[in-house]
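Enquirer: Quick one: sequence plus predicted model below, questions after.
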Amino acid sequence: AQKITQTQPGMFVQEKEAVTLDCTYDTSDQSYGLFWYKQPSSGEMIFLIYQGSYDEQNATEGRYSLNFQKARKSANLVISASQLGDSAMYFCAMREGPNFGNEKLTFGTGTRLTIIP
Amino acid sequence: GAGVSQTPSNKVTEKGKYVELRCDPISGHTALYWYRQSLGQGPEFLIYFQGTGAADDSGLPNDRFFAVRPEGSVSTLKIQRTERGDSAVYLCASSIRDSSPNEQFFGPGTRLTVL
């Protein structure tokens, strides 16, 4: 089974609108972390937001928020007021086990987001 | 400050040749990771160093792949007898491991093409 599933290969969104990128995960660990990264055409992975499995509140970072639904094992990224510069690939990733243990990340296949002016 | 750097940015080689890819992590970062990203896929974990030692090399696909980090800073990923299937972008990341969320900072990658 895939550990991280991103079902939207591509999305087109009008500038200034909000967009939700889907991510579901599969793990038997009680302690884990979920990350979202942005990869522009330049290729560099940029960290956006993090949610720990024990965090009770949804994470927020500026225009980014994470809709964490633990029982459904989903961790969707919400981008508010989208901008042209948001056009990029977006990857959901998971660290299984506690923080400061083995920190290797398992990534999904990504969603290509295109913002339309 | 300076981010993670990787050299070369592009490497073209012939099947059967040996290649070395270099990663310079962010100064002070104790953890270093190598990932491989094939076209249209997310990065795939290869190996993780904590200091000088490889803490987890479970992602290395076979014994043609080897990585070192002799002084706990710069790391080199070595690929022997390259095959066309090794063509991918090789990403390096580092983290400081001192506070949550302990995010990984990625370099720009080395695009390896095996002809």
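Expert: Ah, there it is.
Enquirer: I'd like to know how many residues surround the residue nearest to A:Ala18 when sequence neighbours are not counted.
Expert: Leaving aside its sequence neighbours, A:Ala18 sits nearest to A:Ser80 (CB to CB, 6 or more residues apart in numbering or on different chains; 4.9 Å). (Each C-beta comes from the backbone N, C-alpha and C, glycine too.) Applying other CB atoms under 10 Å in any protein chain shown, we find 13 other residues in the vicinity of A:Ser80.
Enquirer: Which neighbouring elements make contact with the lowest-mean-pLDDT helix or strand in chain B?
Expert: Lowest on mean pLDDT, DSSP states H and E among the helices and strands of chain B sits strand B:53-56, with a mean of 90. For strand B:53-56, the elements it packs on are strand B:44-50, judged by 3 or more CB pairs under 8 Å, 6 or more residues apart in numbering or on different chains; DSSP states H and E.
Enquirer: What does B:Leu32 show for phi and psi?
Expert: phi -140, psi 140 (degrees, to the nearest 10).
Enquirer: got a list of what the closest residue to it other than its chain neighbours touches?
Expert: Of all residues not flanking B:Leu32 in the chain, B:Phe49 sits nearest, at 4.5 Å (CB to CB, 6+ apart). By CB atoms under 8 Å, 6 or more residues apart in numbering or on different chains, the contact set of B:Phe49 is B:Ala31, B:Leu32, B:Tyr33, B:Ala55, B:Ala67, B:Arg69, B:Gly72, B:Ser75.
Enquirer: any idea how far chain A is from the nearest residue to the last one once chain neighbours are set aside?
Expert: Okay, so that is B:Ser75. Nearest non-adjacent residue to B:Ser75, counting by CB to CB, 6+ apart: B:Arg69, 4.2 Å away. Relative to chain A, B:Arg69 is positioned 15 Å away (CB to the nearest CB, to the nearest Å).
Enquirer: For B:Arg69, the count of nearby residues, please.
Expert: 20.
Enquirer: Tell me who's in contact with it.
Expert: So B:Arg69 contacts B:Leu32, B:Phe49, B:Gly51, B:Thr52, B:Gly53, B:Ala54, B:Ser75, B:Thr76 (CB under 8 Å, 6+ apart).
Enquirer: got a list of what the residue nearest to B:Ile96 when sequence neighbours are not counted touches?
Expert: Leaving aside its chain neighbours, B:Ile96 sits nearest to B:His29 (5.0 Å; criterion: CB to CB, 6+ apart). Going by CB under 8 Å, 6+ apart, B:His29 touches B:Ser94, B:Ser95, B:Ile96, B:Arg97, B:Phe105.
Enquirer: Doesn't the first one belong to a strand?
Expert: Yes. Checked against DSSP: H, G, I helix; E, B strand; the rest coil, B:Ser94 lies within a strand.
Enquirer: need the contact list for it.
Expert: Counting by CB under 8 Å, 6+ apart, B:Ser94 has contacts B:Val4, B:Cys23, B:Pro25, B:Ile26, B:His29, B:Ala31, B:Leu32, B:Tyr33, B:Gln104, B:Phe105.
Enquirer: Same check on the second one?
Expert: Residues counted as contacts of B:Ser95 (CB under 8 Å, 6+ apart) are A:Glu103, B:His29, B:Thr30, B:Ala31, B:Tyr33, B:Asn102, B:Glu103, B:Gln104, B:Phe105.
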